[in-house]
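Q: I'll drop the sequence and a predicted model, then ask my questions.
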Amino acid sequence: MEPQAISGPGFSITLSPHGGRFSCSTEQTVLDAAIAAGFWLPHSCRNGTCGSCHLPVLEGTVRHDPAAQYAPALPEGQCRSCQAHPVTDLVLGAPGVPREAGRRIVTTGAKVLDVQRTSRDVAVVRLRVPPQSGFGFTPGQYVDVLLKDGSRRSYSMANAPDPDGHIEWHVRRMHGGRFSCHVYDQLKPGAMLRIEGPFGAFGLHPGDAPVVLIATGTGYAPIAALLQAHGPELARRRAVLYWGARALEDLYALDDPDAWQARHPGVRLVPVLSEPDASWQGRSGFVHEVVLADHPDLSGHEVYACGNPLMVEAARARFTGTAQLPATRFHADAFIARH
Ligand SMILES: Cc1cc2nc3c(=O)[nH]c(=O)nc-3n(C[C@H](O)[C@H](O)[C@H](O)COP(=O)(O)OP(=O)(O)OC[C@H]3O[C@@H](n4cnc5c(N)ncnc54)[C@H](O)[C@@H]3O)c2cc1C
């Protein structure tokens, strides 16, 4: 392998088989160093909980930060790249990552343009990032909001990338949640937020397999970005969106189902309610169980799941188990809270 050389202090990390290369200090995590250098290793939560960033260590040694409480078991010979630090030079298996570095993360101000409370607990926030900041993203990615105490919160972009720097978030007000309550109760147009990003490797993979999209609550946000950016492609692949919530009013983007359908021709929407009232005529129960009832065999499908981490994990286990979905065709973005 002839690695692409990128200079910098620390250990050298080479990505196999394509040969991208970057350096990583012992204080940095492998994932942070990779993203800072523009190499988009697979990842989602960045706090050791979701398991998306596990990578085979082909050569060298790493040490890990203490495992997160609900961290999935690490397969033999792999590292959890969001918590791994190099102890030697490394070669990591990352077949989906090209040799050339791509987009880098930026930290920038974002101006709030509009805040609409569209349901009892969801606010749709529109912001603008100065185009000269160099900020950009691909549909399905998220950004971190940097709070004054040094903590951060992640929100998925719910829109397709736009040359004028517009971004949209769907923020659910969590009971006792510091930032989401601030957004829902107090955030006003004109406010400035500090954001960093983009992050995340969630996005539509090219192919022909029919697509199942599954979301709970504001897990609809990254799916909305895919629908906006890849509508014709999703229609060609006969996409069906299963969107789960407690009650109809929690499906905050569905005030008029016919208008929704007109905006997304060729994509079928199946709302699923877990606590419907007596007048509800549609599907009810756990959203992933409704998917299984409609698709007992998912072996030829591709699935994109977003939102509640419990739903994402239950869907992953059931779809790749009983319904025979290949594990490589389950793509997820789990909204895990950081404490
Ligand atoms: C990749 C990713 C993308 C995301 N995208 C979205 C999105 O598009 N929309 C969205 O609404 N959310 C999204 N989230 C979740 C979001 O980042 C925040 O976690 C969420 O908004 C809560 O933030 P908060 O400050 O309001 O709550 P926090 O103050 O962080 O609290 C979260 C919850 O935990 C409880 N809590 C707080 N501290 C503790 C503690 N020490 N022990 C136990 N419980 C505690 C609180 O009562 C509250 O219920 C995403 C998360 C990730 C990882």
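A: Thanks, I have the structure now.
Q: near the ligand, which residues of this structure?
A: Contact residues (C-beta under 6 Å from any ligand atom) of the chain with the ligand: 44-45, 142, 153-156, 169-172, 174-181, 200, 218, 221, 333, 335-337, 339. (C-beta placed from N, C-alpha, C; glycine too.)
Q: which ones among those residues are found in helices?
A: If you go by DSSP state H, the residues of the chain next to the ligand have 178-181, 221 in helices.
Q: can you say which of these are buried?
A: Applying 16 or more other C-beta atoms under 10 Å to these, the neighbour count classes 179-180, 221 as buried.
Q: got the residues you listed as TSV, with pLDDT columns?
A: TSV is the format used below for these (pLDDT from 0 to 100):
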residue	pLDDT
179	97
180	98
221	98
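Q: ok, so of the residues you listed, who is nearest residue 123?
A: residue 180 (8.3 Å; C-beta to C-beta).
Q: now the helices: where do they sit in the chain?
A: 30-36, 178-185, 220-236, 257-263, 287-294, 309-320.
Q: contacts for the first one, please.
A: Among residues not part of helix 30-36, those counted as contacts by C-beta atoms under 8 Å, 6 or more residues apart in numbering are 10, 13, 15, 22-25, 28, 40-41, 43, 46, 53, 55, 62, 79, 81-82, 84-86, 90, 92, 104-105, 199.
Q: for the ones in helices among the residues of the chain next to the ligand, give me JSON lines that also has distance to residue 118.
A: Output for those, formatted as JSON lines (distance: C-beta to C-beta, whole Å):
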{"residue": "178", "distance to residue 118": "21"}
{"residue": "179", "distance to residue 118": "18"}
{"residue": "180", "distance to residue 118": "14"}
{"residue": "181", "distance to residue 118": "16"}
{"residue": "221", "distance to residue 118": "12"}
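Q: can you tell me which of those residues is closest to residue 267?
A: Once C-beta to C-beta is applied, the member of those that ends up nearest residue 267 is residue 221, at 16.1 Å.
Q: so the closest one touches residue 156, yeah?
A: Yes - counting by C-beta atoms under 8 Å, residue 221 touches residue 156, with 4.3 Å between them.
Q: which neighbours do the two share?
A: Shared contacts of residue 221 and residue 156 (C-beta under 8 Å, 6+ apart): 169-170, 306.
Q: how close does the residue of the chain found nearest the ligand get to residue 250?
A: At 2.3 Å from the ligand, residue 177 is the closest residue in the chain, using C-beta to the nearest ligand atom. Residue 177 sits 16 Å away from residue 250, going by C-beta to C-beta, to the nearest Å.
Q: give me the more crowded residue out of the two.
A: Applying other C-beta atoms under 10 Å to residue 177 and residue 250 shows that residue 250 carries more neighbours, namely 22 against 15.
Q: contact partners for the more buried one?
A: Contacts of residue 250 (C-beta under 8 Å, 6+ apart): 119-122, 217.
Q: confidence-wise, which helix or strand of this structure is lowest on average?
A: helix 257-263 (a mean of 89; mean pLDDT, DSSP states H and E).
Q: what's it in contact with?
A: By C-beta under 8 Å, 6+ apart, helix 257-263 touches 253-254, 269, 271.
Q: buried residues, it. List them.
A: Quick answer for helix 257-263 (16+ other C-beta under 10 Å): residue 260.
Q: likewise stretch 37-46?
A: In stretch 37-46, counting by 16+ other C-beta under 10 Å, buried: 37, 39-46.
Q: farthest-separated two in the residues you listed?
A: 37 and 45 (20.6 Å).
Q: okay, now the domains of the chain?
A: The chain breaks down into these domains under automatic domain parsing: 11-93, 106-199, 211-334.
Q: nearest to residue 100, out of the ones you listed?
A: Checking those against residue 100 by C-beta to C-beta gives domain 11-93 as the closest, at 7.2 Å.
Q: thinking again about what came up before, ok, and the most crowded of the shared contacts of residue 221 and residue 156?
A: residue 306 (28 neighbours).
Q: quick one: it and residue 224 touch, right?
A: No - taking contacts as C-beta under 8 Å, residue 306 lies outside contact range of residue 224: 9.9 Å.
Q: contacts only, for the closest residue in space to residue 90 that isn't next to it in sequence.
A: Nearest residue to residue 90 in three dimensions, chain neighbours excluded: residue 60, at 3.8 Å (C-beta to C-beta, 6 or more residues apart in numbering). Taking C-beta under 8 Å, 6+ apart as the contact definition, residue 60 lies against 11, 86-91.
Q: how does it look with 10 Å?
A: By C-beta atoms under 10 Å, 6 or more residues apart in numbering, residue 60 lies in contact with 11-14, 79, 86-92.
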